[in-house]
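Peer 1: Sharing a model that was predicted from the sequence below.
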Number of protein chains: 2
Amino acid sequence: MHPVYRFDKSMETLKRAMKVIPAGIYGHLGPVEGAHIPIDAFPKYCSRADGAYFWDLDGNRFIDYMCAYGPIILGYHDPDVDEAAARQRALADCTTAPSDIMVDFAELMVDTVASADWAFFAKNGNDVTSLAVLTARAYTHRKKIVFFNGYYHGVSPWAQKLGYSGILEEEVANNIYVGWNDLEGLERVFQENKGQIAGVIAQPYMHGNLADNQMPAPGFWQRVRKLCTDNSTVLIVDDVRAGFRLDMAGSDHYFGFEADLICFCKAIANGYNVSCLCGKDFLKTAVSGINYTGSYWMSAVPFAAGIACIQKLKRIDAPKLLNAKGQQLKAGLIAAAAKHDLDLRVTGAPSLFYLRLADDPSFMLHQRWIAECVKRGVFFTSHHNHFINAALSDADIAETLEIADEAFAAL
Amino acid sequence: MHPVYRFDKSMETLKRAMKVIPAGIYGHLGPVEGAHIPIDAFPKYCSRADGAYFWDLDGNRFIDYMCAYGPIILGYHDPDVDEAAARQRALADCTTAPSDIMVDFAELMVDTVASADWAFFAKNGNDVTSLAVLTARAYTHRKKIVFFNGYYHGVSPWAQKLGYSGILEEEVANNIYVGWNDLEGLERVFQENKGQIAGVIAQPYMHGNLADNQMPAPGFWQRVRKLCTDNSTVLIVDDVRAGFRLDMAGSDHYFGFEADLICFCKAIANGYNVSCLCGKDFLKTAVSGINYTGSYWMSAVPFAAGIACIQKLKRIDAPKLLNAKGQQLKAGLIAAAAKHDLDLRVTGAPSLFYLRLADDPSFMLHQRWIAECVKRGVFFTSHHNHFINAALSDADIAETLEIADEAFAAL
């Protein structure tokens, strides 16, 4: 039996934080959005991290299935990535002229990503999804953007929703929403907005929160691609979350089509701070004409880390490796649930698995199970997809399955 | 006499870059926006940097008056900041739960910045100016934002202009523009838009591009503050560029008023990637309710760097030190110009000086002079304010003045 953790220091620190930080911890790392489990059963702060684990302020160790919400694809403190970053850091990082390593990294991205003729680096996923939309509008001289329900493309006003705090109706007035896999709906939208749709933006499959993840139906992407081509609409793939976990050549390549613009972030540099928009040649002039830049965007250390990360992911065939680990975990978790007469649904790509206990419409049982896992050292979240990293060992998976079993027993 | 540099390797590398990166180097670090001087007389890429210098691919050394466009306030590779970053890096950087060093940093910001009751960290200046505008709109339930002509608040659509590539009229429809120091104009705007103005956003003084920088007229800020208070409008100070170079307590404190929201980035962590929105207690609930987060936003290494940077800036009284260095340089540059019968205008805060040769409406003479300085190892730009860093020595300033003189002679 695994001991049940206490979170006293986390709670004390959160009290300090509440005084000087809005909501104590904001956003997706916060205790509310982060796990949807009781606030006193959750590690609020990290003291250190290594390989597949992080430790909280109370000294509790967690097998980490969130990987910093995606970036940590090789495990914390990957020696190859860290060494490349350190080598570059000794030369220069944030400087008045960019390092020429930026050119090396762009060449590597173009060489790696099937649909890429060029690469534009920024800092967050949000920076590059926003640039993609700006580029689609600049190129087409049209306004409307089609989204698929369940999407998340960042926090810029255009990517938020009517009624969200601080967002103006004007900022989302040109957004059109279609159901995932709803080709009829998409065709109707194209007909009703002839010559007005600048872009279609979509994740490679629907990995939204609070719902089972959904793969594209057979032929879905090929039909979307054709509709975009026929209507001179720019097809934008948001590969921020799934990128390099499905296919090193891009998730569009995995599903057998080519995006016009594809957005990468998270797994690109194993936690070093960089994102990237890749695109087709015909959009290069349009993107070059957009007023778009930021402090730190050309810092060299994340470029060095990104090069080392992409090269290593290719060398170890990370998509295959992560898929195998995910499959192993998925089968074990489903079996553990079945032992307790529970039906655990595991959806999405195995390397990005989403969990839901069936027959639990209020999510109460599900959230209690997640909390019991977290309290024993397996860091799952309730309503967000998870992430597998390459440092996760067979022993880690075995321990995870033991804890999952104990957590089911504790319900 | 200083030798005139060649830029052969920079040009070769730029040719490679043009193939895989939009515009080769985009944005404010690019050869066009970056200096407005001939492309073959300019170091496009940096090979290493240290203290007050950077070196390009051809081995040319530059005394750096751009400091990575602001972030490098202590000089490249500051030992205290780098050591703090390295210590934190050995523990954890980008993790699933934030490090508690985030709380330490927020406490330090609240302790340092006079108008701050809380701190929210992100990555770019643009992230926090955008959050400030969202917060003003969320709090007031109003739409309109007042800008001062010559402003730069980042690249999000709301901060761009009608006619800019990819920007929709809807996205800037609620922007109102007033001249800098034009109190009558501002009062008229408040009267004509009674109960509709969510926020006024402004840099602490007008440090725009392509124009002499302008300080606030006496009483300007006090009147702006009163107009905002009387109209329940949120007063946002964009201290991204000037922050910690005028006053450690914030540039609002320097000019004798209190902002409701104040945005920091650049000098906050000596080049480590972090930005910060600070604000008043009455806005804490509003900002907490906004959907706003990003990958890497809670990475711990930049927080450690930020703490070390702010503590050192306070210890050495950086605003006073940088002002003194700037004054010394300013007097020397004006004298060097006068020796050649030229009238050099040096405007803005001395630590953020802006240069312009008078009686040169086409800027041709000015741009030629800047190019002659760059070609001899002094990195100035033509139409952007400059930045002083603490590593700049008296010998560096003396060498800069010699080169400025030789550059005038070369015209």
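Peer 2: Right, received. Where do you want to start?

Peer 1: What does the pLDDT read for A:A119?
Peer 2: Listed pLDDT for A:A119 reads 98.

Peer 1: do A:G289 as well
Peer 2: Value listed for A:G289 in the pLDDT field: 93.

Peer 1: Without its sequence neighbours, what residue ends up closest to it?
Peer 2: Distances taken as CB to CB, 6 or more residues apart in numbering or on different chains put B:S165 closest to A:G289, at 4.5 Å, once the chain neighbours are dropped. Bear in mind the C-beta positions are built from the backbone N, C-alpha and C, glycine included.

Peer 1: Tell me, how many residues neighbour the one you found?
Peer 2: Using other CB atoms under 10 Å in any protein chain shown, B:S165 has 18 neighbouring residues.

Peer 1: Please apply the same query to the one 3 residues further on.
Peer 2: The number of residues packed around B:L168, counting by other CB under 10 Å, is 19.

Peer 1: Same question for A:S362.
Peer 2: 7.

Peer 1: how close does it sit to chain B?
Peer 2: 24 Å (CB to the nearest CB, to the nearest Å).

Peer 1: show me where chain A has strands.
Peer 2: Along chain A, counting by DSSP state E, strands occupy A:46-50, A:53-56, A:61-64, A:118-122, A:144-148, A:175-178, A:197-202, A:234-238, A:261-264, A:275-279, A:344-347, A:354-357, A:378-379.

Peer 1: Tell me which of these sits most buried.
Peer 2: Ranked by mean neighbour count, the strands of chain A are led by strand A:261-264 with a mean of 30 (mean count of other CB atoms under 10 Å in any protein chain shown).

Peer 1: which residues touch that strand?
Peer 2: A:109, A:113, A:115-116, A:125, A:128-129, A:132, A:135-136, A:199, A:234-240, A:243-244, A:250-252, A:275-280, A:283 (CB atoms under 8 Å, 6 or more residues apart in numbering or on different chains).

Peer 1: Number of residues surrounding the residue nearest to A:A358 when sequence neighbours are not counted?
Peer 2: Counting by CB to CB, 6+ apart, A:D343 is the residue found nearest to A:A358 once chain neighbours are left out, at 4.0 Å. For A:D343, the count of nearby residues is 12 (other CB under 10 Å).

Peer 1: how far away is the closest residue to chain B within the stretch 1-150 of chain A from A:G59?
Peer 2: Going by CB to the nearest CB, chain B is nearest to A:G27 of the stretch 1-150 of chain A, at 2.5 Å. A:G27 sits 26 Å away from A:G59, going by CB to CB, to the nearest Å.

Peer 1: Of the two, give the one with the bigger neighbour count.
Peer 2: A:G27 (22 against 10).

Peer 1: Please report how far the most centrally placed residue in chain A lies from A:A116.
Peer 2: Nearest residue to the geometric centre of chain A (CA atoms, centre = their mean): A:R241, 2.3 Å. Distance check for A:R241 against A:A116: by CB to CB, it reads 18 Å.

Peer 1: Identify the residues contacting A:I236.
Peer 2: So A:I236 contacts A:129, A:132-133, A:136, A:199-202, A:259-263 (CB under 8 Å, 6+ apart).

Peer 1: low-confidence ranges in the stretch 251-400 of chain A?
Peer 2: Counting by pLDDT under 70, the stretch 251-400 of chain A contains no low-confidence residues.

Peer 1: Residues of it that sit close to chain B?
Peer 2: Proximity of the stretch 251-400 of chain A to chain B, by CB under 8 Å from any CB of the partner chain, involves residues A:265-266, A:271-273, A:275, A:284, A:286-300, A:379.

Peer 1: Helices along chain A, start to end?
Peer 2: A:8-20, A:31-35, A:79-91, A:101-112, A:125-140, A:183-192, A:220-230, A:251-254, A:284-288, A:300-315, A:318-339, A:364-374, A:394-410 (DSSP state H).

Peer 1: Now the stretch 151-300 of chain A against chain B: closest residue?
Peer 2: For the stretch 151-300 of chain A, CB to the nearest CB, closest residue to chain B: A:T293, 2.5 Å.

Peer 1: so how far is A:Y254 from the closest residue to A:G250 other than its chain neighbours?
Peer 2: Leaving aside its chain neighbours, A:G250 sits nearest to A:V113 (4.7 Å; criterion: CB to CB, 6+ apart). Distance, A:V113 to A:Y254, by CB to CB: 12 Å.
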